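Asker: need a 3D model of the sequence below.
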Amino acid sequence: MTTDGATPADITSVVVRLKLSLLRNGLRQSGGRRAAYVVSAVVVLLFGALQLLGLIALRGHAHAEAVVVLLVAVLALGWAVMPLFFPGGDETLDPTRLVMLPLRPRPLVRALLAASLVGIGPLFTLLLLTGSVITVAHGGAAYAVAVVGVVLALLVCVALARAVAAANIRLLTSRKGRDLAVLSGLVIAIGAQLVNFGAQRLGSSGLSQLEPAGDVLRWVPPASAIGAVDSASEGSYGVAVLQLALSAGALVALIAVWARHLTKLMTSPDGSTLQSATDQPARDPGTSGGLARLLPAGRTGTVMERSLRYVWRDPKTKAAWVTSLAIGLIVPVFNALQGTGSIYFACFAAGMLGIQMYNQFGQDTSAFWMVATTISSARDAYVELRGRALALLVITLPYATLVTVLTTAMLGDWPRLPEALGLSFALLGAMLATGAWTSARFPYSIPQEGYKNVAPGQTGLAWISIFGGMVSAALLTAPVIAATIWANVAKNGDDWGWLLLPAGAAYGTAITLTGLHLAAPRTASRLPEILTAVSKG
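Answerer: Numbering: from 1, shown residues only. I've put the predicted structure just below:
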């Protein structure tokens, strides 16, 4: 008995019904959310079904066991990291919402574990696990082991996610924890490139390269549960029992860790916000940190400091910057590693970072009114835009240079380095110019809550601002692009290629200043419209 008149079975059914109610009520909030859920469910289940058929087709292949063991290990890794990057994806992941109820940890663990099996994710995992055991199972004993193995592997994945979420729930529900979600873009970008790189390597050398990893992972839960099916197919029943025991032991250990963290969460106060004011060092409100001392005096330095603080503190701005920095480096570097890259791919970094100049006022949200009150002329607007552009250059200029030099070093194409740098600087200048103009002409609001980066009804503005600006930036960079092409095709072009570095830098500077001067009067004249647009979130 856990509560008066309530059995563990009753608690389990109540929590499962609660999970279904949360799902149902969430879908009732809006037609758009319901349509998005249905579409995502269909896509995920269709992809899972195709994976199931693909794994079945792999049956009988010499390296099938290594493939499915590695697949299950990656699947478990995904379950482990998902709560860290998407803590708000499942309301029942936060057990602190049940603190006021008279529940004991063990029945609560069983109830939450059962509720965790409800959803698209567990069903997708079940499809992959089913396809994996069908691929390697041969004989009645193997199929009997497969049933146990699928159940164990699924429970280990779910328990792993729950244990990770419970161990980090205080962090995940804090502001710093929400900032952790900005790394999801980095993880996804790197993961996609790693999968692409690995697929190309496997396509060129075959699946035999997976055997060493498979030999190790077949003893690591929950992949060991699938390895047990292959062992039973080969008649090694003792080995199969040992591998199942490893997964069962991992499940017991995860549940014990989960229960211990639940007990701590349900019985201890949250002291994350109880830090004494005396612990904070005294600071003169009139002084600034070390970064501010390096910035220019006057309004320019103030605007730069504010913009840089947005990058460091605002979750949405930080997410955009982390993703741009990651993709700007990954695309040229991974293409260079694969031997299919070009030194001009390094311009991707300048392009991705230049996008951050677009919708500059959207990151201010309704607080833009404080900026608007300080702008009384086109000159004030110009200084405001110039400060924001300079803050962006503090990060983008050295980073674009670093990516270009690194790509050049990997390809060994040092004679083309001045051309690539000049083209990157010109493209960055064009992005800053068009970004300043579109920030004034097509501003839109960025919601502070949730994962949407555009307020409802402003999607068209966002598309026009970003993609229209990118096309315009490419057209503005056309003179430098033409000069680069000439340097590569002309008979004596190599002798003049080094001039593209100073020419590209000068062109980028000139086009940036021109764009700022053109955008300033429009910004000063549209302050009320900009404030209305960026306040919708």
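
Asker: CA only for contacts and neighbour counts going forward, please
Answerer: Will do.

Asker: what residue spans form the domains of the chain?
Answerer: Annotated domains of the chain cover 8-267, 293-534 [automatic domain parsing].

Asker: for the helix or strand harbouring Arg162, what is the average pLDDT?
Answerer: Using DSSP states H and E, Arg162 sits within helix 140-167. For helix 140-167, mean pLDDT rounds to 90.

Asker: next one: the helix or strand containing Val81 to chain centre, how far?
Answerer: Here Val81, judged by DSSP H and E, is contained in helix 64-85. Helix 64-85 has its C-alpha centroid displaced from the chain centroid by 18 Å (CA atoms, centre = their mean, to the nearest Å).

Asker: angle of the next helix or strand after that helix against helix 140-167?
Answerer: Using DSSP H and E, the next helix or strand after helix 64-85 towards the C-terminus is helix 105-116. Computed by axes from the mean of the first three to the mean of the last three CA atoms, to 10 degrees, the angle separating helix 105-116 from helix 140-167 equals 110 degrees.

Asker: ok, residues contacting helix 105-116?
Answerer: With contact meaning CA atoms under 8 Å, 6 or more residues apart in numbering, helix 105-116 is reached by 2, 8, 11-13, 15-16, 19, 92, 122, 155, 158-159, 162, 255, 258-259, 262-263.

Asker: secondary structure class for the closest residue to Val534 other than its chain neighbours?
Answerer: Spatial nearest neighbour of Val534, excluding adjacent residues (CA to CA, 6 or more residues apart in numbering): Ser445 at 3.9 Å. Using DSSP: H, G, I helix; E, B strand; the rest coil, the structure places Ser445 in coil.

Asker: just the domains of the chain: most buried one?
Answerer: The highest average neighbour count among the domains of the chain, using mean count of other CA atoms under 10 Å, belongs to domain 293-534 at a mean of 20.

Asker: list the contacts of Leu421.
Answerer: Leu421 neighbours (CA under 8 Å, 6+ apart): 401, 404, 501, 504.

Asker: tell me the one of these nearest Ala240?
Answerer: When those are ranked by distance to Ala240 (CA to CA), Thr404 comes first, at 51.9 Å.

Asker: surely that closest one and Ala420 touch.
Answerer: Yes: with contact defined as CA atoms under 8 Å, Thr404 reaches Ala420; the gap is 7.0 Å.

Asker: need the residues touching each of these two.
Answerer: Listed as contacting both Thr404 and Ala420 by CA under 8 Å, 6+ apart are 343, 346-347.

Asker: now, which of those residues sits nearest Ala167?
Answerer: Ala346 (40.4 Å).

Asker: find the nearest non-adjacent residue to that closest one, please.
Answerer: Closest residue in space to Ala346, ignoring its immediate chain neighbours: Thr404 at 4.9 Å, by CA to CA, 6+ apart.

Asker: what strand or helix carries the one you found?
Answerer: Using DSSP H and E, Thr404 sits within helix 378-411.

Asker: so whichever helix or strand comes after that helix versus helix 378-411, what angle?
Answerer: Remark: after helix 378-411, the chain's next helix or strand is helix 417-441, criterion DSSP H and E. Here the directions of helix 417-441 and helix 378-411 differ by 150 degrees (the same axes, to 10 degrees).

Asker: list of residues touching whatever helix or strand comes next after helix 417-441?
Answerer: Next helix or strand after helix 417-441 toward the C-terminus (DSSP H and E): helix 459-463. Residues from elsewhere that reach helix 459-463 (CA under 8 Å, 6+ apart): 442-444, 454.

Asker: widest-spaced pair of the residues you listed?
Answerer: Phe442 and Val454 (12.4 Å).

Asker: Serialize the contacts of Leu421 to a markdown table and add fields for distance to Ala490 and pLDDT.
Answerer: Formatted as a markdown table, the contacts of Leu421 follow (distance: CA to CA, whole Å; pLDDT from 0 to 100):
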| residue | distance to Ala490 | pLDDT |
| --- | --- | --- |
| Thr401 | 26 | 93 |
| Thr404 | 23 | 92 |
| Leu501 | 18 | 92 |
| Gly504 | 19 | 92 |
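
Asker: which one of those sits closest to Gln243?
Answerer: Each of the contacts of Leu421 was checked against Gln243 using CA to CA; the closest is Thr404, at 48.7 Å.

Asker: now Ser424: how far from Arg260?
Answerer: Computed as CA to CA, to the nearest Å, the Ser424 to Arg260 distance reads 54 Å.

Asker: next, the contact list for Ile226, please.
Answerer: Each residue near Ile226 by CA under 8 Å, 6+ apart is listed here: 68-69, 72, 132-133, 146, 149-150, 153, 218.

Asker: quick one, what contacts Gln51?
Answerer: Residues in contact with Gln51 (CA under 8 Å, 6+ apart) are 127-128, 131.

Asker: how does it look with 10 Å?
Answerer: 45, 57, 124, 127-128, 131-132 (CA atoms under 10 Å, 6 or more residues apart in numbering).

Asker: ok, Leu308 touching Gln356?
Answerer: No: at 12.0 Å, Leu308 does not count as touching Gln356 under the criterion of CA atoms under 10 Å.

Asker: now for these two: what residues contact both?
Answerer: By CA under 10 Å, 6+ apart, Leu308 and Gln356 have these common neighbours: 317, 392.

Asker: test my guess that Thr396 contacts Gly354.
Answerer: Yes: assessed by CA under 10 Å, Thr396 is found in contact with Gly354 at 7.6 Å.

Asker: got any residues that touch both of the two?
Answerer: The contact sets of Thr396 and Gly354 overlap at Leu428 (CA under 10 Å, 6+ apart).

Asker: alpha carbons of stretch 227-245, as PDB, please.
Answerer: Output in PDB follows, covering the C-alpha atoms of stretch 227-245 (Å, rounded to 0.1, in the frame of the first residue of the first chain):
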ATOM      1  CA  GLY A 227      23.400  -9.700 -29.000                       C
ATOM      2  CA  ALA A 228      21.800 -12.500 -26.900                       C
ATOM      3  CA  VAL A 229      19.400 -13.300 -29.800                       C
ATOM      4  CA  ASP A 230      22.400 -13.800 -32.200                       C
ATOM      5  CA  SER A 231      24.100 -15.900 -29.600                       C
ATOM      6  CA  ALA A 232      21.000 -18.100 -29.200                       C
ATOM      7  CA  SER A 233      20.800 -18.500 -33.000                       C
ATOM      8  CA  GLU A 234      24.400 -19.800 -32.900                       C
ATOM      9  CA  GLY A 235      23.600 -22.300 -30.100                       C
ATOM     10  CA  SER A 236      25.600 -20.400 -27.400                       C
ATOM     11  CA  TYR A 237      22.800 -20.500 -24.900                       C
ATOM     12  CA  GLY A 238      25.000 -19.700 -21.900                       C
ATOM     13  CA  VAL A 239      26.400 -16.600 -23.600                       C
ATOM     14  CA  ALA A 240      22.800 -15.600 -24.500                       C
ATOM     15  CA  VAL A 241      21.700 -15.900 -20.800                       C
ATOM     16  CA  LEU A 242      24.700 -13.900 -19.700                       C
ATOM     17  CA  GLN A 243      24.000 -11.100 -22.200                       C
ATOM     18  CA  LEU A 244      20.300 -11.000 -21.100                       C
ATOM     19  CA  ALA A 245      21.500 -10.900 -17.500                       C
END
